[in-house]
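# My questions concern the predicted model and sequence given below.
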Amino acid sequence: MVGISSIGVYIPRSRLDRSLIAKAWGGKQPPGDKAVAHHDEDALTLGVAAAHRCLEDFDALEIDGLFFASTSSPYREKQVASVVATACDLPRAILTADFGGSVRAGVSALSAAIRAVQSGQARRVLVVAADCRPADPESDVEGALGDGAVAVVVDAKAKLAEFLGSAAVAEEITFQWRWDQGGGVQQQDARFALGHGYARDMAEVVSSVLNEHGVGASDLGALAVAAPDAKTAQALAKQVGVDAKTQLVPSLITQVGVLGTPDALLQLASALEKAKSGSTVVVAAFGEGAEAILFRATDGVASLAGRPGVGAQIERKLPLPTYEKYLKFRRIIGQDETPVELISNVLEHRELQQDTRLYGTRCGGCGLVQYPMARVCLQCKAREGLEPVKLKKKGVIFTYTVDHLAANLDHPMGMVVVDLDGGGRVYVQMTDCTADEVKIGAPVELTYRRLHSGGENYNYFWKARPV
Amino acid sequence: MNSIRDKVAVIGVGCTKFGDLYDSTYEDQVCDAAFQAYADAKIDPSEIDAAYIGTYLPHSQGGKAGISLADPLRMYDRPVTRVENFCATGTDAFRNACLAIASGQHDIVLVVGSEKLKDRPGRGIPRIGHQILAKGNTAPGLFALAANRYMHEYGVGRSTLAKVAVKNHWNGARNKLSHLRMEVTEEQVLNAPMIAWPFGLFDCCPTTDGGAAAIVCRADIAKRFRDDYALVKGAALAVATGRPYFDPTFDYVGFRSTQAAAKKAYEQAGIQASDVDLAEVHDCFTWTEITNIEDLGFAEKGQGWKMVEEGRTRVDGDMPINPSGGLKSFGHPIGASGVRMIYECVQQLRGNCGERQVKDPEIALAHNVGGPGAVSCVVVLGRQDS
């Protein structure tokens, strides 16, 4: 029985009230917020955050595959799946691949992970869908596009949902795209692309997978679909004979925006949180065709009840005060931190365990956990008996400053010395916070973020954020 | 182990005006300071056996080598050593010169400290080191980590810090060589733009150009040059971790390097902290002066701030600190600062300081700490009759 055993959602804390966009450009915007990645977040880091949530109950060593889906990977050429795998401290012998091309890639990656486990190619695959799609200022899509990530563990235990089947169609219909010359998401004649393309392709795959597995539309537990707006999803529900009020998973576009590749998986996460064992869920996404996957919830879904899920991510928000700040966060305006030189790939590679997997050293003699990795114990000066130790990612601020001199897009910048649970002390930037959250004794967690860039290469490291 | 005490004498000192020296070069500063010291010692440059140059950053002449002194002074065919040790660079260059004399290798040695910060683009001093770890640190931000922990532990507020600035500016305003020659009020300090909490602009030393020099010789030949020479009583350096923020055993309320260097220097000098009549300490930020007071033993840990509140560290107090104006007002050209402190201590021991003169001092102390807390150097000087 192959299926889903864990699902983790990460929505960035910053939100832009759409009325600020309307205020900037005139005209009307739909109500609500869009989730905005912090200036130090991108699809890669959003993906790492979702993956960490998803892996809370798993031994990283038992993961042997990672598929990363995004239309907004920070790299045109360089695999992100392997970076996410390293930041999650996954083992070396794993299958990795990046999926992209359209926002359908999240469902495509999930589908591919299911096949990989079914075929025996992998035992447990982590699927990560993350997007941080660029929207040109004053464009039609600016109000809609939000940022976020969802990660899913696929294995043969199927603790949450069992895979029943899937269906796909391919059809070239131009709706949203970005070409290779940069710029934001473009969109053409939504009425045609949605009314004709989306409606037809999505209805086809949803109905097909339901029919194939003998699930009547009215018996379906939940329809979890990605859609560019709530009405389009409702129209689809009606078209396939599903009740939009009771069976369609409510759209979160008003709260967080259209996320892209994670959308269908976000709807799936919401559906599973409410699902009863034995109920069915269809997850589907559109993009030059469509793909739908049918699951049946297993007994484990009960475990999701009581846990902080999608709702907690939505509620944990920090409003951006101005539209201009949003433009800075998206690096459309504003001065970045002082650029650095291209970091030596030799140094970077040699220090992966320390800098990316976040290992320190434990002294076998006195027991002190120390970071960075040590040759001689800081406390007892022992040369022998030092062992690598994986650091915990939660801790408490021992001391801090709020630095107005440091160049930073989110000014001023908190710098904190954190005593980690289980030992080790790190000195890192604070992020996702207000200045008054940077204080002695405050609990924080480490989050993998973009640190700086140089030589057209991004450098990532851990920062702290309020818990 | 033999103590360095009374083996080395300071026979000449020199110091340029400190400040935004837009029209002078690094080389000008080296020359001006060195030739002042030659004149002060009434010595010909050819009599110098060896030299030490304390300078932290590379400069326009390039290279991190003895040429940083040899070329500006045309001092060739003799040993010239470049010393770099964070903010303790100047005092450590002086310490090495003293060791060269005490070892018997040389009779007369020149020490110069010079730094040209205004030739650098951008703000403050460049951040160097690991390209990923500890990114985002600035000099004020690093010291602020310690200040905030200290203030948290001992319930000290920003107004106490401000009193350090007020006092040092009062001294510096009366020093014709100092960079920021103006008095400030506590209110001005508290309302200045924030730099790195808890440090506002006036809690921070300026970035300054300047140079200073000292000539040291065997104590037994000092009288050939002058009667009112100063004697080196002790000179000690201590190094702690350069990454205190990664050290889980560090309490962050004081600097172990200063504590160790002071203990050693007092031992060499055969004195106690209470025997020191005035101290030039490393007040790169206002709070640093408070921890220095404690780390140097002038007060118990957690009590130093009270000395500031009670005015005991003023020129007319019982423990005058930074009568020159300190880094805060005199300025802080990194490699020059330590040698500049030697200059001030010598002038105080000679009784040359006018309105800033500490009453009849016999023992003066110079102290640098850099890193923060990574390196500290303490030099104890005494009057020739001490």
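The structure has been received and is ready for your questions. Note that this is a predicted model, so its numbers are computed, not measured.

# going forward, measure contacts and count neighbours with C-alpha atoms only.
Fine.

# where exactly do the helices run in the chain?
Looking at chain A here, since you left the chain open. For chain A, the helices defined by DSSP state H cover A:18-25, A:43-54, A:80-87, A:105-119, A:190-192, A:199-212, A:230-240, A:253-256, A:263-274, A:310-315, A:323-329, A:345-350.

# hmm, I had chain B in mind actually
Assigned helices in chain B, in chain order: B:26-41, B:67-73, B:89-102, B:139-154, B:158-173, B:186-191, B:256-269, B:286-295, B:304-309, B:326-330, B:334-350 (criterion: DSSP H).

# now for these, which one comes closest to residue A:115?
helix B:139-154 (51.8 Å; C-alpha to C-alpha).

# can you list the residues of chain B near chain A?
Chain B comes close to chain A at residues B:131-138, B:141, B:144-146, B:148-149, B:194-198, B:245-249, as judged by C-alpha under 8 Å from any C-alpha of the partner chain.

# re the thing from before, kindly reformat the helices of chain B as a markdown table and extend each row with mean pLDDT and mean neighbour count.
Output for these, formatted as a markdown table (pLDDT from 0 to 100; neighbours: other C-alpha atoms under 10 Å in any protein chain shown):
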| stretch | mean pLDDT | mean neighbour count |
| --- | --- | --- |
| helix B:26-41 | 97 | 22 |
| helix B:67-73 | 95 | 20 |
| helix B:89-102 | 98 | 27 |
| helix B:139-154 | 97 | 23 |
| helix B:158-173 | 98 | 25 |
| helix B:186-191 | 98 | 16 |
| helix B:256-269 | 98 | 23 |
| helix B:286-295 | 98 | 26 |
| helix B:304-309 | 98 | 19 |
| helix B:326-330 | 98 | 32 |
| helix B:334-350 | 98 | 29 |
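
# okay if I get these as TSV plus distance to residue A:303?
Formatted as TSV, the helices of chain B follow (distance: least, C-alpha to C-alpha, whole Å):
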stretch	distance to residue A:303
helix B:26-41	70
helix B:67-73	70
helix B:89-102	62
helix B:139-154	42
helix B:158-173	50
helix B:186-191	54
helix B:256-269	51
helix B:286-295	52
helix B:304-309	55
helix B:326-330	61
helix B:334-350	61
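
# Tell me which of those helices lies nearest to residue A:28.
Of the helices of chain B, nearest to residue A:28 by C-alpha to C-alpha is helix B:186-191, at 42.8 Å.

# Would you mark the buried spots in stretch A:118-130?
A:118, A:122, A:123, A:124, A:125, A:126, A:127, A:128, A:129, A:130 (16 or more other C-alpha atoms under 10 Å in any protein chain shown).

# Then stretch B:7-27?
Buried-residue list, stretch B:7-27, by 16+ other C-alpha under 10 Å: B:7-21, B:25-27.

# Tell me the span between the first and last residue of it.
31 Å (C-alpha to C-alpha, to the nearest Å).

# try stretch A:52-72
End-to-end distance for stretch A:52-72, by C-alpha to C-alpha: 20 Å.

# Return the distance of it from the chain's centre.
In terms of C-alpha atoms, centre = their mean, to the nearest Å, the centre of stretch A:52-72 is set 11 Å apart from its chain centre.

# At the geometric centre of the chain, which residue sits there?
You didn't say which chain, so I picked chain A. residue A:149 (2.0 Å; C-alpha atoms, centre = their mean).

# My question was about chain B, not that one.
Chain B, centroid-nearest residue using C-alpha atoms, centre = their mean: residue B:338 at 3.2 Å.

# And that one, how close does it get to chain A?
Using C-alpha to the nearest C-alpha, to the nearest Å, residue B:338 is found at 26 Å from chain A.

# okay but that residue is in contact with residue B:369, surely?
No. Residue B:338 is beyond contact range of residue B:369, at 9.7 Å (criterion: C-alpha atoms under 8 Å).

# Residue A:158 versus the closest residue to residue A:161 other than its chain neighbours, what's the distance?
With sequence-adjacent residues excluded and distances taken as C-alpha to C-alpha, 6 or more residues apart in numbering or on different chains, residue A:161 is closest to residue A:297, at 4.1 Å. Taking C-alpha to C-alpha as the measure, residue A:297 falls 9 Å from residue A:158.

# in chain B, what residue is nearest chain A?
When scored by C-alpha to the nearest C-alpha, chain B has residue B:196 as its residue closest to chain A, at 4.0 Å.

# per-residue confidence for that residue?
Listed pLDDT for residue B:196 reads 97.

# which residues does it contact?
For residue B:196, the contact set (C-alpha atoms under 8 Å, 6 or more residues apart in numbering or on different chains) comprises A:401, A:402, A:403, A:404, A:405, B:140, B:141, B:144.

# burial measure for the first one, as a count.
Read it as residue A:401. For residue A:401, the tally of surrounding residues (other C-alpha atoms under 10 Å in any protein chain shown) stands at 33.

# cool, and the fourth one?
For residue A:404, the neighbour count with other C-alpha under 10 Å is 21.

# just the third one next, same as before
By the measure other C-alpha under 10 Å, the count of residues near residue A:403 is 27.

# and it, what does it touch?
Contacts for residue A:403 (C-alpha under 8 Å, 6+ apart) come out as A:412, A:413, A:414, A:415, B:141, B:195, B:196, B:197.

# how about stretch A:113-122 as CSV, C-alpha atoms only?
C-alpha atoms of stretch A:113-122 as CSV (Å, rounded to 0.1, in the frame of the first residue of the first chain):
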residue,chain,number,x,y,z
ALA,A,113,7.4,9.8,-6.2
ILE,A,114,4.4,7.3,-5.9
ARG,A,115,5.7,5.5,-9.0
ALA,A,116,9.2,5.4,-7.6
VAL,A,117,8.0,3.7,-4.4
GLN,A,118,5.6,1.5,-6.3
SER,A,119,8.4,0.3,-8.5
GLY,A,120,10.8,-0.3,-5.7
GLN,A,121,13.2,2.3,-7.0
ALA,A,122,12.9,4.1,-3.6
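
# give the contact list for the residue of the stretch 251-400 of chain A found nearest chain B.
Of all residues in the stretch 251-400 of chain A, residue A:400 sits closest to chain B, at 5.0 Å by C-alpha to the nearest C-alpha. Neighbour list for residue A:400: A:414, A:415, A:416, A:417, A:438, A:439, A:440, B:144, B:145, B:148, B:149 [criterion: C-alpha under 8 Å, 6+ apart].

# Could you rerun that using 6 Å?
Each residue near residue A:400 by C-alpha atoms under 6 Å, 6 or more residues apart in numbering or on different chains is listed here: A:415, A:416, B:145.
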